[in-house]
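*Asks:* fold the following for me, if possible:
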Amino acid sequence: MGQRSLDVDIRAVEEEGSLLLELEIRTDQDTMLARQRLKQIARLLGFRSQAQTQIATAGSEIVRNALNHAGAGRLGVYVGAHGRNQVLWIIVRDEGPGLSEEGSGITSARHLMDLFRISSEPGRGTRVILGKRLRRHRIPEQELMAIAGKVARSEPRSTLREAQDQNRELMVTLDALRRANEQESLRAQEWQTTFDAIPDALCLLDDAGAVLRANHAFVAFLDRPEPELVGQPWRRLSPFERGAAPSRGVPGAAEDLLERARTTRCRTSADRKLHNRWYRIQVDALLDEAGDVRRFVVLIVDITEEKRAIERLGQINEALKTYAHSISHDIKGPLAGAITANQVLQQLLDQPLTEKSSANIRELGIVISTSINKTLSLINEVLALAETGAGPGGATDVRRVIDRVIEDRKPAVEERGVRLELDSALGQVMAAPAHLYQVFANLVDNALRHTGRGELTISVERLETLEEGLHRFLFRDNGPGVPEGLEARVFDSFVRGDGTSEGSGIGLATVKRIVSTYSGGIRAYNDAGACFELEIRDAVA
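*Replies:* Below is the predicted model of the structure:
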């Protein structure tokens, strides 16, 4: 059955509900008469046969309980509103000594009815109210008065016939209760299995905020056995309540969230840090049909990785802002030079051609060409960073790649008098040739850019490794080295070594991104110059 405890004003039901029956209970015959009348009322109200038996059985059990414990009682039957529904209310009062515990009759009545409440105090008697929702939408008051009149005019049935019917109905009811208990037990097991399968910490609280149930993840999160948690207020159990007070305007992790959920009837949440990890506490209020809060569901989700990702995105955004300003300045410079040179060139072309003007025109052409090439180089570096990713590749000869890098930079290499020291056997790597080219091209460009004046020595050697498919190389130059404190950050996008170079700040970031694509890595350190130790694994075909 869908029975649950409820908070309802018995006096309001008696004053506002439509009275169908009042009956003093003093003898066993009165108990049987109460059963007859309850079943008759249930039938007249349109309940089905099984529900009629449930109503008659539950009501007679409570009546018998009053007779046994108090010697007498009073039965009242009403139809009244509860939320959106009309409800058949059964109210039983007695002036006995009160109940210290519930008997089997009361327990059975709980399961047979939709709504239930008991109030018992020593020396002040017992009040029990049972409710069953009507199947029909709404019964008019005139029809209810007609039902009350029909019940009042009915003659009681014989005791023997009533006893026979009662025994038969009791057997049917007991069988229905057994099946209902089995189904409820199965549903409870299925519910608990699903509850425990949820990977995040989850618990169910009553309307006062005390724990009713907790899943395995919640038990593990608090590191306490479930029996110790049940019945405890969440505000005392919550580890988020200990330590620091919440910021102004931000709800607390327990009590404030519960109150907000109770007030707004909406989901509330707050993010809290605990032991260097971030958690999101989410609270939902569960409402009954009348719209009142009956339960709270508390979900605790570890959002540490989400927070770190957001933080990292923020850093990337800041870096992008800085880079946008920097790259705009870098591109604007050569473009401005090209524009100025073009303006002067147009003026010279409008004048008679002389030997001096011809020389000036050639110099201006070189300026324009150099500016455009520099701008194009910056654009290509940005594209290289954006387009790096795993691609198909066979066995690529590392020495041939480096030779091509040097050949493509022959003017700059010859101008600087670069001395190359390359291992005779650098081996082959299962990787895209374009990727290996970008790796060594950016390392060479970095050396050319940062070593200043004087002879430049670039060396590449293959390092030993015992892991099959792993290749390790050491690239070094004899320049000033990596600025102190930048050894780790030098591979971040848009970070420039000394802050004064003309580089884009993405060359070494491109190298790191490529080797990471091949499940490798790179580190920088200084040893008589800048050293870059990199490893790269063969691509899986």
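*Asks:* for the spatially closest residue to residue 291 that is not a sequence neighbour, grab the count of nearby residues.
*Replies:* Excluding the flanking residues, the one nearest residue 291 by Cβ to Cβ, 6 or more residues apart in numbering is residue 83, at 7.1 Å. From N, CA and C alone the C-beta is placed, and that goes for glycine too. For residue 83, the count of nearby residues is 12 (other Cβ atoms under 10 Å).
*Asks:* against residue 141, how distant is residue 83?
*Replies:* 19 Å (Cβ to Cβ, to the nearest Å).
*Asks:* now residue 437
*Replies:* Taking Cβ to Cβ, one finds residue 437 at 91 Å from residue 141.
*Asks:* of these two, who's got more company?
*Replies:* Using other Cβ under 10 Å as the criterion, residue 437 and residue 141 rank with residue 437 on top: 19 against 10.
*Asks:* how about the more buried one, secondary structure?
*Replies:* Three-state call for residue 437 (DSSP: H, G, I helix; E, B strand; the rest coil): helix.
*Asks:* quick check: it touching residue 401?
*Replies:* Yes - in terms of Cβ atoms under 8 Å, residue 437 counts as a neighbour of residue 401; the distance is 5.4 Å.
*Asks:* list the buried residues in stretch 533-541.
*Replies:* Within stretch 533-541, the residues scored as buried using 16 or more other Cβ atoms under 10 Å are 534-539.
*Asks:* what mean pLDDT does it have?
*Replies:* Stretch 533-541 shows a mean pLDDT of 82.
*Asks:* need the residues that contact that stretch.
*Replies:* By Cβ atoms under 8 Å, 6 or more residues apart in numbering, the residues outside stretch 533-541 that reach it are 390, 392-393, 429-432, 439, 463, 465, 469-475, 511, 515, 518-525.
*Asks:* and stretch 50-58, how far from the chain's centre?
*Replies:* On the basis of Cα atoms, centre = their mean, to the nearest Å, stretch 50-58 sits 46 Å off its chain's mean C-alpha point.
*Asks:* mean confidence for stretch 420-428?
*Replies:* 88.
*Asks:* now the terminal residues of that stretch, how far apart.
*Replies:* Stretch 420-428 has an end-to-end distance of 19 Å (criterion: Cα to Cα, to the nearest Å).
*Asks:* mind listing what's buried in that stretch?
*Replies:* 422, 426.
*Asks:* which SS class is the closest residue in space to residue 421 that isn't next to it in sequence?
*Replies:* Nearest residue to residue 421, sequence neighbours excluded (Cβ to Cβ, 6+ apart): residue 459, at 3.8 Å. Using three-state DSSP, the structure places residue 459 in strand.
*Asks:* could you check how many residues crowd around residue 467?
*Replies:* Counted with other Cβ under 10 Å, residue 467 comes out at 9.
*Asks:* going forward, begin numbering at 190 instead of 1
*Replies:* Will do, 190 is the new start, and the previous item becomes residue 656.
*Asks:* name the helix or strand of the chain that has the lowest mean pLDDT.
*Replies:* strand 193-194 (a mean of 48; mean pLDDT, DSSP states H and E).
*Asks:* C-terminal to that one, what's the next element?
*Replies:* helix 199-205 (DSSP states H and E).
*Asks:* for the helix or strand sitting right after that next one along the chain, buried residues please.
*Replies:* From helix 199-205 onward toward the C-terminus, using DSSP H and E, the following helix or strand is strand 207-214. Buried residues in strand 207-214, counting neighbours by 16+ other Cβ under 10 Å, are found at 207, 209-210, 212, 214.
*Asks:* what helices or strands is strand 207-214 leaning on?
*Replies:* Counting contacts by 3 or more Cβ pairs under 8 Å, 6 or more residues apart in numbering; DSSP states H and E, strand 207-214 packs against helix 217-233, helix 238-259, strand 262-271, helix 330-342.
*Asks:* ok now the first one, how far from the chain's centre?
*Replies:* Going back to what we said before, that points to helix 217-233. Per Cα atoms, centre = their mean, the centroid offset for helix 217-233 relative to its chain is 54 Å.
*Asks:* go on, stretch 264-277?
*Replies:* Centroid separation between stretch 264-277 and its chain, computed with Cα atoms, centre = their mean, is 42 Å.
*Asks:* can you measure across that stretch, start residue to end residue?
*Replies:* End-to-end distance (Cα to Cα), stretch 264-277: 13 Å.
*Asks:* list the buried residues of that stretch.
*Replies:* Quick answer for stretch 264-277 (16+ other Cβ under 10 Å): 264-269, 271, 274-277.
*Asks:* now those in a markdown table, with pLDDT and distance to residue 407?
*Replies:* Conversion of the buried residues of stretch 264-277 to a markdown table gives the following (pLDDT from 0 to 100; distance: Cβ to Cβ, whole Å):
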| residue | pLDDT | distance to residue 407 |
| --- | --- | --- |
| 264 | 95 | 45 |
| 265 | 95 | 44 |
| 266 | 95 | 44 |
| 267 | 96 | 42 |
| 268 | 94 | 43 |
| 269 | 92 | 40 |
| 271 | 85 | 33 |
| 274 | 83 | 34 |
| 275 | 91 | 40 |
| 276 | 93 | 36 |
| 277 | 95 | 40 |
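*Asks:* report the two of those separated the most.
*Replies:* 264 and 274 (22.1 Å; Cβ to Cβ).
*Asks:* residue 416: which element?
*Replies:* Per DSSP H and E: helix 415-418 holds residue 416.
*Asks:* by contact count, what packs against the helix or strand that that helix is followed by?
*Replies:* Proceeding C-terminally, helix 415-418 gives way to helix 423-426 as the next helix or strand, assigned by DSSP H and E. The contact analysis (3+ Cβ pairs under 8 Å, 6+ apart) places helix 423-426 against helix 444-453.
*Asks:* now with 10 Å?
*Replies:* Helices and strands touching helix 423-426, by 3 or more Cβ pairs under 10 Å, 6 or more residues apart in numbering; DSSP states H and E, are strand 390-395, strand 400-403, helix 444-453, strand 482-491.
*Asks:* list just the nearest of the buried residues of strand 207-214 to residue 460.
*Replies:* So of the buried residues of strand 207-214, ranked by how close each gets to residue 460 (Cβ to Cβ), first place is residue 207, at 52.4 Å.
*Asks:* in contact with residue 648, which residues are there?
*Replies:* Residue 648 makes contacts with 608-612, 663-667, 718, 720, as judged by Cβ atoms under 10 Å, 6 or more residues apart in numbering.
*Asks:* torsion angles phi and psi at residue 721?
*Replies:* Residue 721 adopts backbone torsions of phi -130, psi 110, taken as degrees, to the nearest 10.
*Asks:* right, I mislabeled it, should have said residue 677
*Replies:* phi -90, psi -40.
*Asks:* and the closest residue to residue 401 other than its chain neighbours, how far from residue 428?
*Replies:* In space, and not counting its chain neighbours, residue 401 is closest to residue 393: 4.7 Å by Cβ to Cβ, 6+ apart. Distance of residue 393 to residue 428, given as Cβ to Cβ: 19 Å.
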